[in-house]
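*Asks:* A predicted structure for the sequence below; I have some questions about it.
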Amino acid sequence: MSNTEGLKETGSMFEYMITHYRWFFVVFFLFPLSLVYDIYLGIKNLFVNCLYPNKPHEHDMRVDKIRKEIQEWISEGCKTKLCTARPGWAAMSLRAGRYKSSYRNININLYDVLEINEAKQTCRVEPMCSMGKLTAALLPKGWTIPVIPELDDLTVGGLVAGVGIETSSHKYGLFQHCCLGFEVVLADGSLVNCSATENTDLFYSIPWSHGTLGFVVSVELQMIRARNYVDLTYLPYHNKAEAIEEFAYQSKEAKYDFVECLAYSEQEYVVMLGNLTDTKHIEGAVFNPIGRWYSEWFYKHVEKFLRREERAGANNRSKNYNKNDHKYQPVPTSSSPLVHKVDREIIPLRHYYHRHSRSLFWEMQDIVPFGNNVVFRYLLGWMMPPAPALLKRTQTEQLRKLYELHHMVQDMLVPMSKLSGCLDVFHEEAAIYPLWLCPFKIPSNAQRPDTGFGTLPTINSASPHNTRNRKSHANEVTKDRGFIHGASAGQGEELFVDVGAYGNPVVPHYEARASHRKIEEYVRSVQGYQMMYADSYMTKEEFREMFDHSLYDKMRNALPLCTQAFPEVYDKVSKAARI
């Protein structure tokens, strides 16, 4: 059965029309509304920044209001659980939490960049600060943070409580690994600081906890020096094994600042390697400001390198590449079977950071099929993309059900050594292309005798509540802490890869629940992880098998009023807990 036939059988013709012709609503309503929304937010931020410049004591006053709200909840007898007052449609997860209507909503009005300390190469920000606002504050000063997740609307707090990744993660790890410290309001209203040397259990438990241990009210982030441009090399492959070999090699060697791969079919891949640079004039490279409103969608631009025929006489955009040595050849040798033709471009840094933003990776092709048309881009491209929050806010119940049945948005994190098998499973169960492949490392944070655990009680690592199948160690001090760690926990960092699938499955046997569960089962079997912003069909037992709950359980039992105030993370992120 085709997707179209399935849609027609699932609902009325109205549902079919609103799904397949949603472009009309998006172009003539959401585009203007998103523009007005962005202007409103810009004016609001300008007004707030002029009247209330960032000052530490003002942050403290805002935090005190949060603590007072919690104290009121305690004085009333802790009758309900707690959550933030941010509306579900404004979050970047696919669905809104059912719990919002029954929990006590705590206002977390914390949106600012509090401090940029160039001497320490750190910045301190509030949790509702977006990636767009953070990069706008840092880049003019010549700074950035090691991992800048793609979309402007992603918030620091969401990336800490959930997960954040980017093509620099093979060098720096996930967003959580760029965090030096958290300021947290606990369920009893107390304010604590945690880092790798202070309250370390809490520090390593916050990432992936989805706000079920306390409210993060500020984050200290590592900064690195920014450059003006990215020197980006494109390596097209028509062979899966060769592409994976190159991708894995470059990810492991970490000689490039950015490593990314797009899979366009079972055998077609483009590996991209980028380095920061301060010049846009490099021999053999072409300057390409891909972030301009009229520019071609980035994934479509990349696909052209696959379709380009080999040319006997390379123009100034091409160099030769030795696939055995993973190095450029100084002299063209096009007759050699070892030589692979590549292309290079110089891209402004901010454009690179948000290269997939205008097309929301490739989700916009299903919403506005003609969105990459050159005429459309020149006329209306400056309004792209519509605000993701508004896209979610304007979904009808019928449309949500249709998306659930016929659309997949998933990020699965698997060890690099299992990438080929994971791609096979995605191809068999969904055959969605392109696929986004992003490497990242999980650094070991195994406890050492000199790090200090504080005074909180320990928990038995053999607890039946934790079934994560990791290597056992005779000495507990060598065990990694937190929800995720490599298969060789405590034995050093490990390289993983994010497999991102966004689109409509095309295999005839696709069935949402069954297909998702088969993919989830494979990811668990290779000791991988699932990003929990997306739909998860795992049971609670399967979820606990995937994620290491040892330290998390310990903290929930040790922190005052934690179990009364917050649900377990599964009860907050599972599909049953979301609309």
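*Replies:* Arrived safely, thanks for sending.

*Asks:* list the contacts for the nearest residue to residue 520 once chain neighbours are set aside?
*Replies:* Spatial nearest neighbour of residue 520, excluding adjacent residues (CB to CB, 6 or more residues apart in numbering): residue 538 at 5.6 Å. C-beta coordinates here come from the backbone N, C-alpha and C atoms, glycine included. Residues in contact with residue 538 (CB atoms under 8 Å, 6 or more residues apart in numbering) are 517, 520, 530, 546, 574.

*Asks:* element containing the residue nearest the centre of the chain?
*Replies:* The residue lying closest to the centre of the chain (CA atoms, centre = their mean) is residue 164, at 3.8 Å. Using DSSP states H and E, residue 164 sits within no helix or strand.

*Asks:* Look up the closest residue to it, ignoring the ones flanking it.
*Replies:* In space, and not counting its chain neighbours, residue 164 is closest to residue 175: 3.0 Å by CB to CB, 6+ apart.

*Asks:* Go through the one helix or strand residue 516 maps to and flag the buried ones.
*Replies:* Assessed by DSSP H and E, residue 516 sits inside helix 512-525. By neighbour count with 16 or more other CB atoms under 10 Å, helix 512-525 contains the buried residues 512, 515, 516, 517, 518, 519, 520, 522, 523, 524.

*Asks:* next one: stretch 549-562
*Replies:* Across stretch 549-562, burial judged by 16+ other CB under 10 Å covers 549, 550, 551, 552, 553, 554, 555, 556, 558, 559, 561, 562.

*Asks:* So the second one versus residue 532, what's the distance?
*Replies:* Same thing as residue 550. Look at residue 550 and residue 532: by CB to CB, to the nearest Å, they are 18 Å apart.

*Asks:* same check, this time on residue 363
*Replies:* Using CB to CB, residue 363 is found at 19 Å from residue 532.

*Asks:* picking that back up, distance-wise, check the residue nearest to residue 520 relative to residue 574.
*Replies:* Here the criterion is CB to CB. By it, residue 538 lies 7 Å from residue 574.

*Asks:* what does residue 516 give?
*Replies:* From residue 516 across to residue 574, the span is 12 Å (CB to CB).

*Asks:* burial measure for residue 280, as a count.
*Replies:* 17 (other CB atoms under 10 Å).

*Asks:* pretty sure it contacts residue 229?
*Replies:* Yes: using CB atoms under 8 Å, residue 280 is in contact with residue 229, at 5.3 Å.

*Asks:* what do those two both touch?
*Replies:* With CB under 8 Å, 6+ apart as the test, residue 280 and residue 229 both reach residue 346.

*Asks:* Helices of the stretch 201-350 of the chain, start to end?
*Replies:* All helices of the stretch 201-350 of the chain, identified by DSSP state H, counting those that start in this stretch, fall at 240-253, 298-307, 349-353.

*Asks:* could the ones you listed be laid out in a markdown table, adding distance to residue 199, mean pLDDT and mean neighbour count?
*Replies:* Formatted as a markdown table, the helices of the stretch 201-350 of the chain follow (distance: least, CB to CB, whole Å; pLDDT from 0 to 100; neighbours: other CB atoms under 10 Å):
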| stretch | distance to residue 199 | mean pLDDT | mean neighbour count |
| --- | --- | --- | --- |
| helix 240-253 | 33 | 96 | 19 |
| helix 298-307 | 41 | 92 | 16 |
| helix 349-353 | 32 | 92 | 21 |
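
*Asks:* send the alpha carbons of stretch 185-194 over as PDB?
*Replies:* Output in PDB follows, covering the C-alpha atoms of stretch 185-194 (Å, rounded to 0.1, in the frame of the first residue of the first chain):
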ATOM      1  CA  VAL A 185      17.100  24.800  41.900                       C
ATOM      2  CA  LEU A 186      16.100  21.600  43.600                       C
ATOM      3  CA  ALA A 187      12.600  20.400  44.600                       C
ATOM      4  CA  ASP A 188      13.000  21.800  48.100                       C
ATOM      5  CA  GLY A 189      13.700  25.300  46.800                       C
ATOM      6  CA  SER A 190      17.400  25.100  47.500                       C
ATOM      7  CA  LEU A 191      20.000  26.500  45.000                       C
ATOM      8  CA  VAL A 192      23.100  24.400  44.300                       C
ATOM      9  CA  ASN A 193      26.100  24.500  42.000                       C
ATOM     10  CA  CYS A 194      27.500  21.500  40.400                       C
END
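
*Asks:* Show me which positions of that stretch end up buried.
*Replies:* For stretch 185-194, the neighbour count (16+ other CB under 10 Å) marks 185, 186, 187, 188, 189, 191, 194 as buried.

*Asks:* Which of the residues you listed sits closest to residue 79?
*Replies:* Minimum distance to residue 79 across the buried residues of stretch 185-194 is 13.6 Å, recorded for residue 187 (CB to CB).

*Asks:* Next one: the closest one relative to residue 100, how far apart?
*Replies:* Going from residue 187 to residue 100 by CB to CB gives 18 Å.

*Asks:* returning to what we had before: pLDDT of the helix holding residue 516, averaged?
*Replies:* The average pLDDT within helix 512-525 is 95.

*Asks:* Which strands or helices does that helix pack on?
*Replies:* Helices and strands touching helix 512-525, by 3 or more CB pairs under 8 Å, 6 or more residues apart in numbering; DSSP states H and E, are helix 397-406, strand 408-415, helix 419-429, strand 529-530, helix 540-546.
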